[in-house]
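>>> Pasting a predicted model and its sequence here:
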Amino acid sequence: MTPLSPAQLRAVIDTTWPPARISQQDPWTLRVGDGGGKRVSAATTTTKVSQTDVRAAEDAMRGFGQTPLFQLYGTEPGLDDMLAAQGYLHLDRTILYLCALAELDTKAPSPLTTLRGDTPLPIMREIWAAGGIGPARVAIMERAPGPKTMILGRLGDRPVGAAFVAASGPIAMIHAIEVLCEHRRRGAGRNMLARAAVWARDAGCTHLSLLVTEANVSANALYRSLGMVQAGSYHYRMKPGTQNR
């Protein structure tokens, strides 16, 4: 699998999990997240920056009512060290998994194990809320331009999981995969991934992707077992005591 460049990865994320607003202030891309978490609130750059540039980004983010937060892909010359020297913490190394749909080791799930819809059902909101995915993140799903879909995972006759999928060109990306704690490791996550793959094929996509923190050992193991491979990564830099999630 050919890795995605940082620019390609960021474009897929911004399309399928969009900030409320993006502001281009050279050399930065600044995001306004409206409380939707780090992924839609972080500043990124693709070039070498100075201390003056960093201060300008910090001021701009504070002007948005946000804590200064930077997302790094390992291709920003010197920025990671610069932020570390200023006391910024290294947080949430995140892996992008990518797989060609033709190579994904999963079969279409039974119709009873997953349901798909264009808007989030109340039970989906409840499942997401139980996992810390609140209204601000559901708003991200609602403003994503599409193609997109919502997936409800079931075990027997009980709803136990929810996920969101959206397409960016040939790549479909899964977000907000959540299974209720007491029903994990029983196949609901695998079934929702399989349903996402079926939807992605029908939407004309060639690849399925998702993001997961490196610390989530069980999820990483599941995705690798399906044939998904790492095609990129990033981490955040944030000062101690701040509250962006």
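Received the coordinates, thanks.

>>> counting contacts, what elements does the helix ranked longest in the chain pack onto?
Identified as the longest helix of the chain according to DSSP state H is helix 188-202. Secondary-structure packing of helix 188-202 (3 or more C-beta pairs under 8 Å, 6 or more residues apart in numbering; DSSP states H and E): strand 114-117, strand 148-155, strand 158-168, strand 171-179, strand 207-213, helix 217-225. For the C-beta atoms, the positions are set from N, CA and C on the backbone; glycine is no exception.

>>> Run through who's touching it.
101, 104, 106-110, 113-114, 116, 149, 151, 153-155, 160-163, 165, 167, 172, 174, 177, 179, 207-208, 219, 222, 226 (C-beta atoms under 8 Å, 6 or more residues apart in numbering).

>>> Then stretch 159-166?
15-17, 120, 123-124, 127-128, 141, 144, 146-154, 172-180, 183, 186, 188-189, 192-193, 196, 199-200.

>>> Show the buried residues in those residues.
15-17, 120, 124, 127-128, 141, 144, 147-154, 172-180, 183, 188-189, 192-193, 196, 199-200 (16 or more other C-beta atoms under 10 Å).

>>> Check whether Y236 really touches P68, as I assumed.
No - applying C-beta atoms under 8 Å, one finds Y236 not in contact with P68, separated by 10.8 Å.

>>> And this protein, split by domain according to the record?
6-97+234-238, 100-223 (automatic domain parsing).

>>> In the chain, where is pLDDT below threshold?
The chain contains residues with pLDDT under 70 at 1-3, 241-245.

>>> List the beta-bridge partners for L72.
Beta-bridge partners recorded for L72 (DSSP bridges): H235.
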